[in-house]
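> Please work out how this folds:
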Amino acid sequence: MIIRLTLKALIGIILALLAVIVIFIIYITASDYKPAAVVALTTDNNPESKLKQGEPFSVTTFNIGYAGLDQGQDFFMDGGTMSRSSSREQTEANLQAIIQFLKESASDFYLLQEVDVDSTRSNHIHEVEQIRTNLPSYGQTFAHNYKVPWVPVPISKPMGAVQSGLVTLSSFHSSNQRRFDLPGKESWPVQLFELDRAFIESRIPVGQDRELILINLHLSAFDKGGTIRKQQLDFMEEYIQREMRKDNYIIIGGDWNHSLPGTDPSDFPTQQGWPEWLQPFPDSFGPTDFKWAVDASTPSVRTLDSAYQQGVNFLAVIDGFLVSPNVEIISVTGHPLSFSHSDHNPVTGQFILK
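Residues are numbered from 1 along each chain as shown. Down below sits the predicted model:
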């Protein structure tokens, strides 16, 4: 009799758990973030200054790792165990150090990735607002690329609620800003908890009838075999070809999640082998007259399977710029910040529009 009651109770518990899981999946599916293919964005504090041909300007790309991936962190998707910043105090310290770098480098444009709005992993600190407040002279454009009510993994300490995205900061007037959804999705239900990859397009007037098309990009990382990344690059190639027919200037910057052309991870001493998620940039990507602006001497990303130790973690260059032939590259500098406050180092390019 006791065994029968225990078995009945166990079955009841299992059924209750299954019911909770089903209800949770239904809720997540119903609330899944599904933006349109192209979404108009607003810019806070859009400056009046106009970008001019022949005058040098700077662009910095920086994946800030939601101010939670400092030197002491690892990440469960990369083979580690952690899914959140170690503490609110550490998140705030990381964010303030990142903001201080942005202030001191004084770039004309910033392309930021993994900037949280309201996320468990970053202790619900509104990072977008703090950046806007601390850099009041810049126009700021934000677009979501990660919006999930609750990410339930890892089981021991789930990532939790996530609202995060891309931020473009500009010291020049922008006439139009749009979010472009990138193709390629994981299968259901995995996609419910994944990023919705996208890029921000900022159109910066130049003279009477031309524009600088400035793209803030963050491609997929953990898709097996790189199938999704290939779809995204095919989309970008078609986008570039359309814009080039308009005789515009194009600068595409961000986190490409590929080992970029002209760089070699073997140049950086490490005890780790090439990680499974990292792929070389495909030779087939065009157009061929575009140029890469990268700093091959300074790694821009580290692996996150363990906390950072110099000479141990695998390093690569995955952050940089692709520019049209009518954009002159003056210089490219990777900033060796030793991954102190993010798993990425920022990269700055100096350019002139011909």
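
> okay, CA-based contacts and neighbour counts for the rest of this
Noted.

> where's the lowest-mean-pLDDT helix or strand in the chain relative to the chain centroid, distance-wise?
Within the chain, confidence by mean pLDDT, DSSP states H and E is lowest for helix 2-30 among all helices and strands, at a mean of 76. Between the centre of helix 2-30 and the centre of its chain there are 38 Å (Cα atoms, centre = their mean, to the nearest Å).

> and what of stretch 332-346?
On the basis of Cα atoms, centre = their mean, stretch 332-346 sits 14 Å off its chain's mean C-alpha point.

> likewise stretch 306-318?
That offset, for stretch 306-318, works out to 18 Å (Cα atoms, centre = their mean).

> same deal with stretch 78-91?
17 Å.

> Equivalent analysis for stretch 278-291, please.
19 Å.

> Can you spell out which helices and strands pack onto the next helix or strand after the least confident helix or strand of the chain?
Going down the chain from helix 2-30, the next helix or strand is strand 38-40, by DSSP states H and E. Packing partners of strand 38-40 (3 or more Cα pairs under 8 Å, 6 or more residues apart in numbering; DSSP states H and E): strand 176-181.

> Alpha carbons only: can I get stretch 93-104 in PDB?
Written as PDB, here are the backbone C-alpha positions of stretch 93-104 (Å, rounded to 0.1, in the frame of the first residue of the first chain):
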ATOM      1  CA  ALA A  93      32.600  48.500 -12.400                       C
ATOM      2  CA  ASN A  94      32.900  46.900 -15.900                       C
ATOM      3  CA  LEU A  95      30.300  49.300 -17.400                       C
ATOM      4  CA  GLN A  96      31.900  52.400 -15.900                       C
ATOM      5  CA  ALA A  97      35.300  51.200 -17.300                       C
ATOM      6  CA  ILE A  98      33.800  50.700 -20.700                       C
ATOM      7  CA  ILE A  99      32.100  54.100 -20.600                       C
ATOM      8  CA  GLN A 100      35.400  55.700 -19.600                       C
ATOM      9  CA  PHE A 101      37.200  54.100 -22.600                       C
ATOM     10  CA  LEU A 102      34.500  55.400 -24.900                       C
ATOM     11  CA  LYS A 103      34.900  58.900 -23.500                       C
ATOM     12  CA  GLU A 104      38.700  58.900 -23.700                       C
END
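
> what's the host helix or strand of Gly165 packed up against?
Per DSSP H and E, Gly165 falls inside strand 160-170. Judged by 3+ Cα pairs under 8 Å, 6+ apart, the packing partners of strand 160-170 are strand 109-116, strand 139-151, strand 198-206, strand 210-218.

> mean confidence for it?
Here strand 160-170 scores 98 as its mean pLDDT.

> What count of nearby residues applies to Thr227?
Using other Cα atoms under 10 Å, Thr227 is surrounded by 12 other residues.

> how about the helices in the stretch 151-300 of the chain?
227-244 (DSSP state H, counting those that start in this stretch).

> In contact with Asp118, which residues?
Shown in contact with Asp118 (Cα atoms under 8 Å, 6 or more residues apart in numbering): 124-126, 161-164.

> picking that back up, in JSON lines: the helices and strands packed on strand 160-170, plus mean neighbour count, mean pLDDT and distance to Arg245.
JSON lines is the format used below for the helices and strands packed on strand 160-170 (neighbours: other Cα atoms under 10 Å; pLDDT from 0 to 100; distance: least, Cα to Cα, whole Å):
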{"stretch": "strand 109-116", "mean neighbour count": "26", "mean pLDDT": "99", "distance to Arg245": "25"}
{"stretch": "strand 139-151", "mean neighbour count": "22", "mean pLDDT": "97", "distance to Arg245": "26"}
{"stretch": "strand 198-206", "mean neighbour count": "23", "mean pLDDT": "98", "distance to Arg245": "15"}
{"stretch": "strand 210-218", "mean neighbour count": "22", "mean pLDDT": "98", "distance to Arg245": "12"}
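
> And those strands: which comes nearest Met244?
Comparison of the helices and strands packed on strand 160-170 against Met244 by Cα to Cα identifies strand 210-218 as nearest, at 10.1 Å.

> Paired strands for the closest one, with orientation please.
Strand 210-218 pairs in its sheet with strand 198-206 (antiparallel), strand 249-255 (parallel), by DSSP bridges.

> would a markdown table of the ones you listed with distance to Asp78 be doable?
Compiled in a markdown table, these are given as follows (distance: least, Cα to Cα, whole Å):
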| stretch | distance to Asp78 |
| --- | --- |
| strand 198-206 | 21 |
| strand 249-255 | 16 |
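
> For Ser187, see how far away the residue nearest the centre of the chain is.
The chain has Gln113 as the residue nearest its centroid, 3.5 Å off, counting by Cα atoms, centre = their mean. Distance of Gln113 to Ser187, computed by Cα to Cα, to the nearest Å: 24 Å.

> what's the answer for Phe339, then?
Distance, Phe339 to Ser187, by Cα to Cα: 33 Å.

> picking up where we left off before, in the least confident helix or strand of the chain, which of the residues would be classed as buried?
For helix 2-30, a neighbour-count test (16 or more other Cα atoms under 10 Å) marks 28-29 as buried.

> Against which helices or strands is it packed?
Applying 3+ Cα pairs under 8 Å, 6+ apart, we find helix 2-30 packed against strand 139-151.

> Could you check the angle the strand it packs on makes with strand 198-206?
180 degrees (axes from the mean of the first three to the mean of the last three Cα atoms, to 10 degrees).
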